[in-house]
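[1] Sequence and predicted model, in that order:
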Amino acid sequence: MTDAVDAAETPTPRRKPKAPVTTINGREMKPSTLMMGYGYDPALSEGSLKAPIFLTSTFAFENAAAGKRHFEGITGQRPGGAEGLVYSRFNGPNQEILEDRLAIWDGAEDALCFSSGMTAICILMLAYCSAGDVIVHSGPLYAASEGFVAKVLSKFGVTYIDFPAGANREELDAVLEKAKAQAEANGGKVAMIYLESPGNPTNALVDVEAVKAARDAKLDMDCPIAIDNTFLGPLWQRPLDNGADIVCYSLTKYVGGHSDLVAGSVAGAKKWMDPVRALRNTMGGIADPNTAWMLLRSLETVELRMQRAGENAEKVCEFLRGHPKVEGLGYLGFIKDERQQDIYDRHCTGAGSTFSVFIQGGEAECFRFLDALKVAKLAVSLGGTETLASHPASMTHLSVPHARRDQLGITDNLVRISIGIEDPDDLIADFAQALDAV
C-alpha cells in the first residue's frame, strides 16, 4: 500500500529527458540545434537515434495509483495535466516530443498539436467562447477561419467585430470599446482578439503591439490575443515577443514543408493552453503519431528550407515588379505603405516567401497565367519545397462574399504565389513565359 501511495505522489519517468540540455558552455543553443534531439532520450527507446513511431491506442500504467493520478490531471481535478501516457486521444510520445520542440521556436511555455490547422483554430475558439461573447478579429483572415466565426460560432450566440489589418491604436481603441459594449448588451464578454498577420492572401500586417496596448487599456486582461503566424512562422516572426498570448499554425505549411501532411498547433503560456488542452482531450483532434513523427523530421530542416525559399522569393519578386503585365506585388520585401513598413520593421525578421501578384486584367488573365506555368504547380496551400500558385478569389476565398473580398483587397486579378526551393533562375524563366501567355 505504501508503494502505491508513493507512486501516486511521485511523477513517473517519461519517454524524454526530465531536464533537456539547452545550453553548452553557458551559451543558449539555437532552435535549429535543439531540433536534433530536444525532448527525446535514445536510451528510453532501445538506443534508436530518432524517436520511433508509437502506434498504440492506449498505454499500460505502472500501477493503479499512477493511473488515478494521471486521470486527475486530465480531468482537471489536479493542476498540471497528466504526468504520464494515458490514451492516444490525450497524449503520446511522438506528439509530446513534437510539442516540446514547437514551443522552442516561439519561446512558448507550452504547445499543443492538432490534426489540422483549422482543428487547432476551432478548438482554440471554442475553448474560450460562450453564448453572448464577442470575438474581435483582424481582416483578412483565411476564409475557413472567418467562416467559422461568422457562420458556425454565430449559431451558438457568439458574435464578432472585425477591423482592417493596418488599424492604428486610435482605431483599435474604438473597435474594442464597441466590442465591449456589444458583449455587455448580450450578457457576455470579449472572449478573444484573433489576428492573422500577415493576412491571407494580401500579406497585410497587424500591429500586435498596438493591439496589446489597446487590449490592456480597454479590456480585461483575461481576454487572450491569439494570432495565426502561418505565413511567417516560425522563422520570420515571433508574435509572443510582440504581445500576443497565443500563436497558431497550420503545420501543413512551412513547418511540415513537404506538402505531404496536414496538421496544426497552438502555443503560449500554460494558463492559456490548459483550457484548449482540456477541450482537445474531450473532442479529440490531436495529431496522429505518424504525422507527429513526420513533423519532427521536418523541424530539423525548417530553417534551411525557409531561408532558401525567402532568398528565392526576393529574386523572383525583383523580376516581377518590373514586368509590364504586373500591376503590383503584395510582397513584404517591397512595402510601399509607411504604416505597414513600420509594423514590419518592429515585428518581422524576414519578408517570407508567400506573396500576392496583381496581373493586368482579371480572372481570365490570371487563369491564362496559371495554366501556362510549367515549373510552379497550380495548387492551393503554401510553404512547401515546391512553388505553388493559386487564384484566391475563385479558390480558397470563393466562399467569401464578393463585396467582402473587394473590401479586403482580394481582387479577381490577384494570384497568390508560394515560392519553393527550386533554382531561382528556373522560376523566373517559368514566370516570364507564363506572363507571355497573358
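    Sure, I can see it.

[2] Next, the residue nearest the centre of the chain: secondary structure please.
    The centroid of the chain falls nearest to Y249 when counting by Cα atoms, centre = their mean (1.3 Å). Assigned state for Y249: strand (three-state reduction, DSSP: H, G, I helix; E, B strand; the rest coil).

[3] Which pLDDT value belongs to K30?
    What the model reports for K30 is a pLDDT of 96.

[4] Same question for A226.
    So, for A226, pLDDT stands at 98.

[5] Check the offset of whichever helix in the chain runs longest from the chain's centre.
    With secondary structure taken from DSSP state H, the chain has its longest helix at helix 302-320. Remark: helix 302-320 is offset 20 Å from the chain centroid, using Cα atoms, centre = their mean, to the nearest Å.

[6] Spell out the secondary structure type for the residue nearest to the residue nearest to the centre of the chain when sequence neighbours are not counted.
    With sequence-adjacent residues excluded and distances taken as Cβ to Cβ, 6 or more residues apart in numbering, Y249 is closest to S265, at 4.9 Å. Where C-beta positions appear, they are placed from N, C-alpha and C, glycine not excepted. Three-state call for S265 (three-state DSSP): strand.

[7] And S265, how far from K50?
    20 Å (Cβ to Cβ, to the nearest Å).

[8] what does A144 give?
    For A144 relative to K50 (Cβ to Cβ), the value is 33 Å.

[9] try P42
    With Cβ to Cβ as the criterion, P42 and K50 are 9 Å apart.

[10] One more: G257?
    17 Å.

[11] Next: M283.
    Applying Cβ to Cβ to M283 and K50 gives a distance of 30 Å.

[12] Can I get stretch 317-329 as CSV, trimmed to CA atoms?
    These are the backbone C-alpha positions of stretch 317-329, laid out as CSV (Å, rounded to 0.1, in the frame of the first residue of the first chain):
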residue,chain,number,x,y,z
CYS,A,317,9.8,39.5,-56.9
GLU,A,318,12.6,41.7,-58.1
PHE,A,319,11.8,40.3,-61.6
LEU,A,320,8.1,40.5,-61.3
ARG,A,321,7.9,44.1,-60.1
GLY,A,322,9.5,45.3,-63.3
HIS,A,323,7.3,43.3,-65.6
PRO,A,324,4.8,45.3,-67.7
LYS,A,325,2.0,42.9,-67.1
VAL,A,326,2.3,43.0,-63.3
GLU,A,327,0.3,45.9,-61.7
GLY,A,328,1.6,45.3,-58.2
LEU,A,329,3.0,43.0,-55.6
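
[13] what sits up against whichever strand or helix holds D216?
    Element membership of D216, judged by DSSP states H and E, is helix 208-218. Helix 208-218 is touched from outside by 167-169, 172-173, 175-177, 180, 193, 195, 197, 221, 223, 225, 227, 239, 242-244, 346-347, with contacts defined as Cβ atoms under 8 Å, 6 or more residues apart in numbering.

[14] Local confidence estimate at G84?
    At G84, the model reports a pLDDT of 90.

[15] nope, D3 is what I was after
    46.

[16] Give me the below-cutoff pLDDT ranges for the stretch 1-150 of the chain.
    1-19 (pLDDT under 70).

[17] ok, now the stretch 301-438 of the chain?
    Judged against pLDDT under 70, the stretch 301-438 of the chain has no low-scoring part.

[18] just the strands in this protein please.
    23-24, 27-28, 110-114, 134-139, 159-164, 190-196, 225-228, 246-250, 264-268, 326-330, 354-359, 377-378, 388-390, 414-418 (DSSP state E).

[19] What would the longest one look like as CSV? C-alpha coordinates only.
    Output for strand 190-196, consisting of C-alpha atoms alone and laid out as CSV, is shown next (Å, rounded to 0.1, in the frame of the first residue of the first chain):
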residue,chain,number,x,y,z
VAL,A,190,-15.0,40.0,-25.3
ALA,A,191,-13.7,36.4,-25.4
MET,A,192,-10.7,36.8,-27.7
ILE,A,193,-8.8,39.1,-30.1
TYR,A,194,-7.9,36.9,-33.0
LEU,A,195,-5.3,38.1,-35.5
GLU,A,196,-3.8,36.9,-38.7
